[in-house]
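*Asks:* Fold the following and give me the result.
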Amino acid sequence: MSKLKWNVIVKTSLGEIVNFNIFEHTAFVTDLSRINKKYKEDKDFLEIALNTIDYYFSPHRREFRFYAIPHTPHLSDEEYNRIINYVSKGNHLEDFQSRDINIPGCTQITAYAQITENWEAFSYYLIKHRKYLK
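*Replies:* Model (predicted):
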């Protein structure tokens, strides 16, 4: 188990919303450790670390994004029929981006955004705890 901890909110395959420690993602931590050994300057390390975060937690990765929808969303009949038509052609509703569905107040939540919107705190934490990236 990693000594590092940075939680993001994700949706499981069972539809549950849970906290996920990004440092429990083995491949991500392996790459960060490799980067840590290669780049001694903090600035260089953080620049490459950001690219690594983009790779593993990209908004395009379905397993690290979900949508927050208002409690009582309203769809027009036209929008409802458009979505039903899309799904009836064998497409997955999860492939819609938040901008593709016209639901007022629908927000896409991604692990990437949760990390990068807190970049100053996250980068400080990462630099402070570099010694744990072996």
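*Asks:* List the contacts of the residue nearest the centre of the chain.
*Replies:* Centre of the chain computed as the mean C-alpha position; nearest residue by C-alpha atoms, centre = their mean is A111, 2.1 Å away. By C-beta atoms under 8 Å, 6 or more residues apart in numbering, the contact list for A111 reads V8, V10, F20, I22, F57, F64, R65. From N, CA and C alone the C-beta is placed, and that goes for glycine too.
*Asks:* Farthest pair within the residues you listed?
*Replies:* Greatest spatial distance among these (C-beta to C-beta): I22 and R65, at 14.0 Å.
*Asks:* Point out where the chain drops to low pLDDT.
*Replies:* Across the chain, residues meeting the criterion (pLDDT under 70) sit at 1, 69-75, 93-105.
*Asks:* can you map out the helices along it?
*Replies:* 26-38, 42-57, 77-88, 111-116, 119-128 (DSSP state H).
*Asks:* winner for burial among those?
*Replies:* With neighbours taken as mean count of other C-beta atoms under 10 Å, these reach their highest mean count in helix 111-116, at a mean of 19.
*Asks:* what's the distance between the residue of the chain most remote from its centre and I84?
*Replies:* If you look at how far each residue of the chain sits from its centre, by C-alpha atoms, centre = their mean, the farthest one is D77, at 31.6 Å. D77 is 10 Å from I84, where distance means C-beta to C-beta, to the nearest Å.
*Asks:* Now do the same contact list for Y132.
*Replies:* By C-beta under 8 Å, 6+ apart, the neighbours of Y132 are S2, K3, L4.
*Asks:* Mind checking which of the residues you listed are buried?
*Replies:* Buried by 16 or more other C-beta atoms under 10 Å: L4, out of these.
*Asks:* Relative to E41, which of the contacts of Y132 is nearest.
*Replies:* L4 (20.2 Å).
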